[in-house]
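Participant: Coordinates for the following, if possible.
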Amino acid sequence: MTENPLLERAKRFISALRHCQVLGITVHQASEEGITLVLPYSPMIVGDPQTGVIHGGALTSLMDTACGMATLCVLPEFEVCPTLDLRIDYMHPAEPHKPVYGFAQCYRVTTDVIFTRGFAYQDDPQQPVAHTVGTFMRMGKRLKGAQGLGSTVTGEQA
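Facilitator: Residues are numbered from 1 along each chain as shown. From the prediction side, this is the model:
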């Protein structure tokens, strides 16, 4: 038996996401309190070649994925939960040649919507690169079989 089933489930889920494979995003930590992903620095994600600053789109992908995956930390079983809304407030550019960590947590779960918040940081979580809030639609058990991560269609309502 694994020591941290949430971490194992998150690693399995992220390995199926093509954009995470391309960007090199991995799971750093997962618990009931939230999830932390890592976006490694690479020339592929540079937005300004003169300064080496990471493109905002790469950070958006990191935080959308972190917020979406935070649902794994609060739901008893896997559910498909697409993004309804995502807001990112950039505080300052990420420093070149350093990884960016994206932490997210769910702060409210309803029958239909999950509310998340998080932040991106590099060396110090107290000095965030960006703050994020997002909402995710609960699609329920009827779509659990997506990506081979759940059971087959059961006909149960969410």
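Participant: where in this protein is pLDDT low?
Facilitator: In the predicted model, the chain carries pLDDT under 70 at residues 1-2, 141-158.
Participant: Just want the most central residue of it.
Facilitator: Nearest residue to the geometric centre of the chain (C-alpha atoms, centre = their mean): residue 66, 1.4 Å.
Participant: give me every residue that touches that one.
Facilitator: Residues in contact with residue 66 (C-beta atoms under 8 Å, 6 or more residues apart in numbering) are 35, 36, 37, 102, 103, 104, 118, 132. To be clear about C-beta, it is placed using only N, CA and C from the backbone, and glycine gets the same treatment.
Participant: quick one: the closest residue to residue 136 other than its chain neighbours and residue 74, what's the gap?
Facilitator: Among residues not flanking residue 136 along the chain, residue 81 sits closest, at 4.1 Å (C-beta to C-beta, 6 or more residues apart in numbering). Look at residue 81 and residue 74: by C-beta to C-beta, to the nearest Å, they are 10 Å apart.
Participant: ok so, going back, three-state assignment of the residue nearest to residue 136?
Facilitator: Classification of residue 81 by DSSP: H, G, I helix; E, B strand; the rest coil places it in coil.
Participant: I'd like the next helix or strand past the helix ranked longest in the chain.
Facilitator: For the chain, the longest helix by residue count, based on DSSP state H, is helix 56-70. Going down the chain from helix 56-70, the next helix or strand is strand 83-90, by DSSP states H and E.
Participant: That's all I had, so thanks and see you.
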